[in-house]
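**Q** What would the 3D arrangement of this be:
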Amino acid sequence: MNARFTRFALVAGTVAVTVLGPTTQAQALPACASNAICLWRFQDGTGELYTWRGGYVDLPSRFVDHVGSFRANRTGAFIDWASGKECHSVRKGDYASNYSGRFGAKIDAVGDTC
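**A** Numbering: from 1, shown residues only. Modelled structure (predicted):
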């Protein structure tokens with residue numbers, strides 16, 4: 001009986017450590033205005049903020065190819081003009097805390113649709 005209890009205790013302890021053990025939480029992005037898409041220069045919503053609220057807009061030069069993170073509270077489109085038009089649709093609720101290694105390194109403009 002003791003061997004069975006010991007085995008149960010070891011398994012239960014392993015499960016508890018696995019489930020309740022230390023976790024690394026991702027940095028939460030700051031809030032973004034309703035009906036807007038927020039772009040930050042650096043990851044995790046840090047650095048300068050650019051807020052887009054609709055229509056076609058060429059990004060300010062300091063954001064061109066330098067969007068580190070974003071949060072979308074509306075639909076829109078991220079556009080790159082480097083070699084023709086490459087466009088990524090964005091839906092309400094989309095976000096990325098580290099976008100600089102992806103399309104954030106290519107984005108030139110934001111618009112309502114692709």
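
**Q** Quickly list what the residue most central in space within the chain is bridged to.
**A** The residue lying closest to the centre of the chain (CA atoms, centre = their mean) is residue 96, at 0.9 Å. Counting by DSSP bridges, residue 96 forms beta bridges with residue 70.

**Q** Surely it and residue 69 touch.
**A** Yes - Residue 96 is within contact range of residue 69, at 5.9 Å (criterion: CB atoms under 8 Å). C-betas here are computed from N, CA, C, even on glycine.

**Q** Find residues that contact each of the two.
**A** Here residue 96 and residue 69 have residue 104 as joint contacts, going by CB atoms under 8 Å, 6 or more residues apart in numbering.

**Q** which sections of the protein are below the confidence cut-off?
**A** Low-confidence segments of the chain, defined by pLDDT under 70: 1-27.

**Q** mind listing the helices for it?
**A** Assigned by DSSP state H, the helices in the chain fall at 2-20.

**Q** who's in contact with the residue nearest to the centre of the chain?
**A** 69-70, 102, 104.
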